[in-house]
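> have a look at this prediction, sequence included:
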Amino acid sequence: MSKKFGETDVDFNAAYLNVGREFGDGRVSGGQAALSVSHQFKNNLGVTGEIAGQSEDDVQPKGVFALVAITYKVNKRLQFDTGTRFGLSSRAPRVGVFAGFTVGVGNPFK
């Protein structure tokens, strides 16, 4: 779910996870959720804050995380981002850093 307030976006995502085990039999169920707030400034810079967590995943660590990111929008199709993620629960890794980019490809159904 998303809601826009001027130049600020508030997003909530939730997912059901059904994870197979690489070693061993069976599957396990869990959940994942995230609440984020992002704001785009007129100079193409932006900020994002997020609280997220997951209970089961075969690859990603379990736990609750806080994320802070800075974004730079090059044009309407390319955006760079970088930030830090902090673990808030005992099973979550303490700190992580990331960097990446997003490329918009348009609406293929138009």
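Ah, there it is.
> next, the buried residues of the one helix or strand residue 17 maps to.
Assigned by DSSP states H and E, residue 17 falls within strand 8-20. Using 16 or more other C-beta atoms under 10 Å as the test for burial, strand 8-20 gives 9, 17. Quick note: C-beta positions are derived from backbone N, CA and C, even for glycine.
> what packs against that strand?
Counting contacts by 3 or more C-beta pairs under 8 Å, 6 or more residues apart in numbering; DSSP states H and E, strand 8-20 is packed against strand 2-5, strand 27-40.
> angle of it against strand 27-40?
Angle between the axes of strand 8-20 and strand 27-40 is 160 degrees (criterion: axes from the mean of the first three to the mean of the last three C-alpha atoms, to 10 degrees).
> let me see the contact set for residue 70.
Residue 70 makes contacts with 45-48, 81-83, as judged by C-beta atoms under 8 Å, 6 or more residues apart in numbering.
> got the helices and strands packed on strand 8-20 as TSV, with mean neighbour count, mean pLDDT and distance to residue 103 columns?
Shown next, in TSV, are the helices and strands packed on strand 8-20 (neighbours: other C-beta atoms under 10 Å; pLDDT from 0 to 100; distance: least, C-beta to C-beta, whole Å):
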stretch	mean neighbour count	mean pLDDT	distance to residue 103
strand 2-5	9	94	20
strand 27-40	14	92	17
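> put together CSV for those, with distance to residue 107 on each row.
Below are those laid out as CSV (distance: least, C-beta to C-beta, whole Å):
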stretch, distance to residue 107
strand 2-5, 17
strand 27-40, 20
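> tell me which of these sits nearest to residue 16.
Nearest of the helices and strands packed on strand 8-20 to residue 16, taken as C-beta to C-beta: strand 27-40 at 6.2 Å.
> any idea how far the next helix or strand after that closest one is from the middle of the chain?
Downstream of strand 27-40, the next assigned helix or strand under DSSP H and E is strand 45-54. With C-alpha atoms, centre = their mean, to the nearest Å as the basis, strand 45-54 stands 6 Å off its chain's centre.
> looking at the contacts of residue 70, which is nearest residue 29?
Using C-beta to C-beta, residue 48 comes nearest to residue 29 of the contacts of residue 70, at 29.0 Å.
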